[in-house]
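Trainee: Would you be able to build a 3D model of this:
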Amino acid sequence: MVMANPTLLLQSIFILFLLPCLSSSCPKYQKQALLQFKSSILAIDSSFDGLDSWNSSSSNCCLWDKVTCSSPSNSNSTSTSSVVIALHLSYLYALHMSSSLLAPLFFIRSLRVLDLSWNLINGQIPALGLGNLSNLVHLDLSWNYINSQISALEFGNLSNLVHLDLSKNFIYGQIPLQLFQLKYLRYLDLGSNELQGGLSPKVGYLQDLRMLNMSSNRLSGELPEEIGNLTKLRQLSLSSNKFSNGIPSSILHLKELEELDLGNNSLSMEIPSDIGNLSNLSYLSLRKNKLTGGVPASMQKLNKLNSLNLEENLLTGEIPFWLFDFKDLQSLLLGGNNLTWNNSMKVVPKCRLLGLSLRSCGLQGDIPEWISTQTNLSHLDLSMNHLHGPYPQWLAEFHFLSFLFLSHNKLSGSLPTALFRYSQLFILALSHNNFSGELPKNIGDAKSLFILILDGNNFSGPIPQSVSQISNLQLLDLSRNRLSGNIFPVFDPQGILWYADFSFNQFSGEVPTTFPLNIRTLALEGNKFSGALPLNLKKLRNLERLELQDNNISGELPNSLLEISHLRVLNLRNNSLQGSIPKTLSNLQNLRILDLSSNNLTGEIPIEFVNHLTGMIEAPPNATSQTLSSGVVIAFSSKFFSTEFVVNELIVNWKKSKQGLSSHNINMYFLLDLSNNQLSNEIPASLGALKALKMLNLSYNKLSGKIPARLSDLQNVEGLDLSHNKLSGPIPTAFTKLQQLTTLDVSNNKLTGRIPVGGQMNTVVDPNFFANNSGLCGFQIHVSCPEDLPPAPKLQDHYNKDEPWILQEAVGIGYPVGFLLTIGIIFLAGYFNPSSPSNSRRRHRHHPHRLIRQRI
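Mentor: The predicted structure is shown next:
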């Protein structure tokens, strides 16, 4: 018997096992599609190295990274080859990745899983798109910049989808009804997009859903009752939309629900009284709505409750103390309601809280002692109460405290140094209390501080130099205290501090410039700074908001200001500046608010100064929804707490009074104030080009000439003050075109003529706004114009040349004839007088002319 060669036997076995593997390589067209996808990325980003294993020399794309293929036995095809069924392409880190690059992938119709999340893909989904991938079960396009209309995603062809994640994009439009036909869907995330319209009742068709997220969109209308059909839901988030009316009672059918977030909508009416029947709830957020009534007693049954957020509603009644009996409760946020705290009751919490908010809940006296047992607290908000007394030493030793809000109370005394020993402190807000003394010198030990807000107290002395050592500090507010000194901390030029407010203190010396180069807002108003504006102010080139009003700054406006090209707000009101307005100031093309009022500026308003202020020429179409980076609303939120902080208002002279412009909408305002100076010559007609202006104030100067008719081009102006100048001539009739005008003051000038009538001019009827212009007339000041007076009665002109000649001749003859007739009558009257005694009669006969003289 011949023995088999062992080597040949092993080789044969190896070949038998290898043959199926060799035959199961991916189809050539799929390999080419993947290579085309990679080459398209390399064409725009040559440094891309995220798909190194994808190359033409490798015959089998099933062996490439991020690619999964089916086994031949599981393939739907009769072929023995494998096909690509999954692409896990998240975090590719390619630059400038356009959605058009995805087109080759849509030819791989065998795909069941496609994950393209976290790639910052921009643009629209190509026309030859997702509709081709009818076998898809899992699709994840989250965390990109896709801006397609949602109907373009062709859901009708994706009937096998189980998992769909389109969150964190810019997808817009109304949710198509096709989406609600995807009966296998278990996971649907459309959060953080720009979807509009209502939520269709057909959402109830998705009865296999476990997770539904449509938060942070623009959805509106009522929540449909059919949402109660989703009985398998475990997570439901519809927060940060515009839903209104009440919470549907059908939501109580969702017995499997573990997380419910309906916060930040416009929901009204009361919280469903039986909400405690959702016994599996661990997370409940109804914050920032318009809910009324009290905290439902049925909530006592929510034994698994881990987080409860009812902040910013209209809830009333007493805070129930049974809320502190939940052993698993970690976050309790009740602030911003009309709830009240029973200060006489003693609390013994059974929970170990990480977050607690009792803001504006009527707490009185010292900071409650029971809070000292909550040593794990990370977030504590007791602001806007009636707390008094010192800062507790036990609170200063909370090692894990990261967010502390005690603003708007009556707390007093100095701050303990222990407060700044721990690196966990992230936000410290103690504004508007009665704290006093010097700031602790070790304040710089709080290395993690991101926001430090100590305004509105009685702190005194210098600013500790160590504050400049807080490397993470981005927002610093020490305004409205009694701080003093002329030496400021020297911050790291490369630091990240972008907002600093030292206004309304007693600082002196030159204007400080020792701030990070990246600073955006610098507020130094209401101090005692003096001298000229420092030339090295120009190094702060990223400044957007510079407030130096109400100081003693002198000298001329330096040309170096123009190098701060990002300036949007420049306020130098009420100083001692001299000289003329530099023509180069017009290079600040981003200026929206410029206030140079109440100085000693002279000369004329330069035409060049006006022509290039492009920031005031045209308001952006979405100005009402934008904010300056220097006026942002800072918000923090997590699963366990949320908080919001708004930076200080900008104080300006607005419509005859000082007003604060909120940081919420500071981008809506465009203002130019040159009042209370000694500016002369005529008002440049080119001011009319600043069409974005809402307020123009040139009052209390020495301006002369006529009011330019081009000012009627200020189509957005609400307030126009030209009072106390030497202006002459009429008020332009074109002012009737100023449709936004509510205040017009031209008093104390030399104006003449009729005050224009029509449009908004008919609403400007305060006589004081036109006073001391002797030549003005109109109904606004109750002075009739000459042309409006009725004609005076005229004497008949007998010598009018228009009368017939015969009448003139008759009058000419009538006068002498009438005279002779009168003489004759008188003579005859004397001749026929009754007889007198004879001697008398004889005398009359001898002297007839005497008789005539006597009668005459």
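Trainee: Stretch 415-433: end-to-end distance?
Mentor: 12 Å (CA to CA, to the nearest Å).
Trainee: what does the average pLDDT come to for that stretch?
Mentor: Here stretch 415-433 scores 93 as its mean pLDDT.
Trainee: Next, the buried residues of that stretch.
Mentor: The neighbour-count check on stretch 415-433 (16 or more other CB atoms under 10 Å) flags 415-416, 418-420, 422, 425-433 as buried. (Glycine included, C-beta is placed from N, CA and C.)
Trainee: Select, from these, the two members most distant in space.
Mentor: Spatial extent of the buried residues of stretch 415-433 (CB to CB) is set by the pair 422 and 432 at 24.3 Å.
Trainee: And the residue lying closest to residue 281 once chain neighbours are set aside, what's its pLDDT?
Mentor: Using CB to CB, 6 or more residues apart in numbering and skipping residues adjacent in sequence, the residue nearest residue 281 is residue 302, 5.4 Å away. Per-residue confidence at residue 302 stands at 97 (pLDDT).
Trainee: neighbours around residue 302, how many?
Mentor: 22 (other CB atoms under 10 Å).
Trainee: what's the answer for residue 400, then?
Mentor: Residues lying near residue 400 (other CB under 10 Å) number 13.
Trainee: roughly how far apart are residue 368 and residue 479?
Mentor: 29 Å (CB to CB, to the nearest Å).
Trainee: who's more crowded, these two?
Mentor: residue 479 (24 against 17).
Trainee: Flag the shaky bits of this structure, pLDDT-wise.
Mentor: 1-24, 73-80, 127, 609, 619-667, 792-856 (pLDDT under 70).
Trainee: okay but residue 409 is in contact with residue 431, surely?
Mentor: No. Counting by CB atoms under 8 Å, residue 409 stays clear of residue 431, with 9.8 Å between them.
Trainee: intersection of neighbour lists for these two?
Mentor: Here residue 409 and residue 431 share no contacting residue, scored by CB atoms under 8 Å, 6 or more residues apart in numbering.
Trainee: Identify the residues contacting residue 617.
Mentor: Taking CB under 8 Å, 6+ apart, we find residue 617 in contact with 689-692.
Trainee: Would you list the phi and psi of it?
Mentor: As for residue 617, its main-chain torsions (degrees, to the nearest 10) stand at phi -80, psi -40.
Trainee: Surely the residue nearest to residue 281 is in contact with residue 326?
Mentor: Yes. Taking contacts as CB under 8 Å, residue 302 lies within contact range of residue 326: 7.3 Å.
Trainee: From the buried residues of stretch 415-433, which land in strands?
Mentor: With DSSP state E as the criterion, strands contain 427-429 from among the buried residues of stretch 415-433.
Trainee: Give me the number of neighbouring residues for residue 762.
Mentor: Counted with other CB under 10 Å, residues neighbouring residue 762 total 12.
Trainee: Residue 520 reaches residue 546, doesn't it?
Mentor: No. Contact criterion CB under 8 Å: residue 520 and residue 546 do not qualify, at 10.0 Å.
Trainee: which one of these two has more residues nearby?
Mentor: Taking other CB under 10 Å, residue 520 and residue 546 do not tie; residue 546 has more neighbours (26 against 23).
Trainee: ok, back up a step: can you tell me which residues contact the residue nearest to residue 281?
Mentor: Contacts for residue 302 (CB under 8 Å, 6+ apart) come out as 276, 278-279, 281, 284, 326.
Trainee: at 7 Å what do you get?
Mentor: 276, 279, 281 (CB atoms under 7 Å, 6 or more residues apart in numbering).
Trainee: quick check, the first one in a helix?
Mentor: Yes. Counting by DSSP: H, G, I helix; E, B strand; the rest coil, residue 276 is located in a helix.
Trainee: Distance from the chain centre to stretch 421-432, please.
Mentor: Relative to its chain's centre, stretch 421-432 lies at 26 Å (CA atoms, centre = their mean, to the nearest Å).
Trainee: swap in stretch 508-526?
Mentor: Distance of stretch 508-526 from its chain centroid, counting by CA atoms, centre = their mean, is 24 Å.
Trainee: go on, stretch 312-328?
Mentor: In terms of CA atoms, centre = their mean, the centre of stretch 312-328 is found 32 Å from the chain centre.
Trainee: Using CSV, write down the CA coordinates of that stretch.
Mentor: Taking Å, rounded to 0.1, in the frame of the first residue of the first chain, the C-alpha atoms of stretch 312-328 are listed here in CSV:
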residue,chain,number,x,y,z
GLU,A,312,-39.2,78.2,34.6
ASN,A,313,-42.9,77.5,34.6
LEU,A,314,-45.9,79.1,36.4
LEU,A,315,-46.3,76.5,39.1
THR,A,316,-47.7,77.6,42.4
GLY,A,317,-48.1,76.2,45.9
GLU,A,318,-45.8,75.0,48.5
ILE,A,319,-42.8,72.8,47.6
PRO,A,320,-43.7,69.3,48.9
PHE,A,321,-41.0,67.9,51.2
TRP,A,322,-41.7,64.3,50.1
LEU,A,323,-39.5,65.2,47.0
PHE,A,324,-36.5,64.7,49.3
ASP,A,325,-37.6,61.2,50.1
PHE,A,326,-36.6,59.7,46.7
LYS,A,327,-33.5,57.7,47.5
ASP,A,328,-32.3,57.7,43.9
